[in-house]
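J.: Build me a structure from this.
(2 chains)
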Number of protein chains: 2
Amino acid sequence: MKRYSKNQLQRYPIYLKYLRQLKEQGYTSVSSPLIAKELGYSEEQIRKDLQLVSNEAGRPKKGRSIEKLIETLENFLGYSSLANALLIGAGHLGNALMNFPSFEEMGITITAGFDADPSKIGTETNGKKILDMKELPNYIKEYKAHIVILTVPANVAQKVCDYAVESGARAIWNFAPIHINVPGDVVIEDVNMASSLAVLWHRYLNLKNID
Amino acid sequence: MKRYSKNQLQRYPIYLKYLRQLKEQGYTSVSSPLIAKELGYSEEQIRKDLQLVSNEAGRPKKGRSIEKLIETLENFLGYSSLANALLIGAGHLGNALMNFPSFEEMGITITAGFDADPSKIGTETNGKKILDMKELPNYIKEYKAHIVILTVPANVAQKVCDYAVESGARAIWNFAPIHINVPGDVVIEDVNMASSLAVLWHRYLNLKNID
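T.: Model (predicted):
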C-alpha cells in the first residue's frame, strides 16, 4: 500500500469539498494551479497529492475532469461504502455528533450511543438509541461497529477506551482532550481542540504584533 | 518573534495536558525521553520544542521541573490571560461548544452566541445569551471579542464569516466543514472533522490489510 503522510491525508477531504462546490457551480474541469490558489497550497503539492490517488494526469490547457476527481477521492476516502460506528459519551458534544448531518457523506453511520448515566440509557438522539455500556461487547460484534467515537470526559477517557478495545473496537476517534494509549493493533486519531486553538491563538498574537 | 510550525504549535497543548496529569499524580520532574515515550514523539522533537519556549535546559539525571514547564507552557499558549470570544451558529455543535468546560482553561471565554433563527434569539445556553446577528458589530466592539467561533452550516459559512470580519472579527475558529477565505489581516484555523476522519480511516484500512 502507498504511504501517505498525515498532512496529506488531511488535505484530501478539503480537495473533495472544494471540487463538489465547483461541480455545483456548474464547472466540469479544473487545473492544479486553480486549486492551489483557491485553497492556499502550492501547485506542486496539489499535483503530487492528486497523482498519488489518481492514474489520470491533468491535460495541459484542459485540466482535470472534476467528475472523475470527485469519484476517485470518494473511493479513496471510503465515502462510497458505509461502515458502522458507535459513540461513547452522550453529553453535549456526543449529542452534537449524533446529530451531525455529514458523517454518512463521509462513509460512517453512527448506529448507537453508549453512556454510563442511567438517566440517559433508553433515550434516543436523532433516532439513535443510547445503550448501557454493558452491552458494548455484544453490540460491536453484532453490528461490526469497530469504529468508536469517544466523547467522554478526559478523566475517564483512558479507562473507557481500554474497555472499548477489550470489547472489540479497532479504530478510536478521540474527542476527549487527553492523550490515550492503545495497543498496536488499534488505531487512534484525536480531534484536539486545544491544539487547533493553539495554532489560531499564536497566529492571532503574531498578527497583533505586526500592526 | 520566533517561528513555530503548525505541527509544533499543535503539540504544546498536548505536552501541557500530560504535564498536568503528572503533577496531579505527584511527580515534580520529568525527562524528555519519558515525555517522548509516553506521547509517542521522538526525544529530539521534545527537546527542540521545549527549548523553543523555555530558557531552562533539562538537568542531566534530574530532568525538568514539571511546575516550571507547566507555567512556561501556560504563558506561551495564552492560558494565563482570558480573551473574549463569541460563537455564531447556536445549533447542536454550537450548543456543545457553549457548554464545553475547558475553554476557560485554554484562555478564552465565550461571552455570547449569535444566531439568525428568531426562535433562538433571546434564549440562553449555559448562562450565555443568544443574540441577534444584527448586534454583532456593536458586540465585538464593546466586548473586544475579536475571536469568533463559527459553527454554522457549510453553505452559509463564507457569507457569515465575511459579515463577522466586516464587524471586527480578527480570528476565526472555523468548525464549518468548508474552506473559507479571509483577508490578510485576519487569521483562520479550521477544526476539520473530515480531515481527522480521513487519517483514522486510512490507518484503519492499513491495519486491516496487515491482518
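
J.: Is there proximity between stretch A:187-206 and chain B?
T.: Yes - judged by Cβ under 8 Å from any Cβ of the partner chain, stretch A:187-206 and chain B are in contact via A:187-206. The C-beta positions use only the backbone N, C-alpha and C, and glycine is treated the same way.

J.: Work out the gap between that stretch and the centre of the chain.
T.: Per Cα atoms, centre = their mean, to the nearest Å, the displacement of stretch A:187-206 from the mean C-alpha position of its chain is 16 Å.

J.: quick check: mean pLDDT across the lengthiest strand in chain A?
T.: Here the longest strand in chain A is taken by residue count, with DSSP state E as the criterion, and it is strand A:108-115. Over the span of strand A:108-115, the pLDDT mean works out to 96.

J.: Can I get it as PDB, trimmed to CA atoms?
T.: As requested, the backbone C-alpha atoms of strand A:108-115 are provided in PDB (Å, rounded to 0.1, in the frame of the first residue of the first chain):
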ATOM      1  CA  ILE A 108     -19.700   6.300   8.500                       C
ATOM      2  CA  THR A 109     -23.100   5.700  10.200                       C
ATOM      3  CA  ILE A 110     -23.400   6.200  13.900                       C
ATOM      4  CA  THR A 111     -25.700   3.400  14.800                       C
ATOM      5  CA  ALA A 112     -26.000   3.900  18.600                       C
ATOM      6  CA  GLY A 113     -24.700   5.800  21.500                       C
ATOM      7  CA  PHE A 114     -23.500   4.500  24.800                       C
ATOM      8  CA  ASP A 115     -23.400   6.100  28.200                       C
END
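
J.: Go through it and flag the buried ones.
T.: For strand A:108-115, burial by neighbour count (16 or more other Cβ atoms under 10 Å in any protein chain shown) applies to A:108, A:109, A:110, A:111, A:112, A:113, A:114, A:115.

J.: which of those come close to chain B?
T.: With Cβ under 8 Å from any Cβ as the criterion, these include residue A:108 near chain B.

J.: With respect to chain B, which of the buried residues of strand A:108-115 is nearest?
T.: For chain B, the nearest member of those is residue A:108. The distance, counting by Cβ to the nearest Cβ, is 7.2 Å.

J.: In space, what's closest to the closest one - neighbours in sequence excluded?
T.: Using Cβ to Cβ, 6 or more residues apart in numbering or on different chains and skipping the chain neighbours, the partner closest in space to residue A:108 is residue A:85 (4.5 Å).

J.: Surely that neighbour is within a strand?
T.: Yes - secondary structure assignment (DSSP: H, G, I helix; E, B strand; the rest coil) places residue A:85 inside a strand.

J.: which residues does it bridge with?
T.: On DSSP bridges, the residues paired with residue A:85 through beta bridges are residue A:110, residue A:147.

J.: Just give the number of residues close to it.
T.: Residues contacting residue A:85 under the criterion other Cβ atoms under 10 Å in any protein chain shown number 23.
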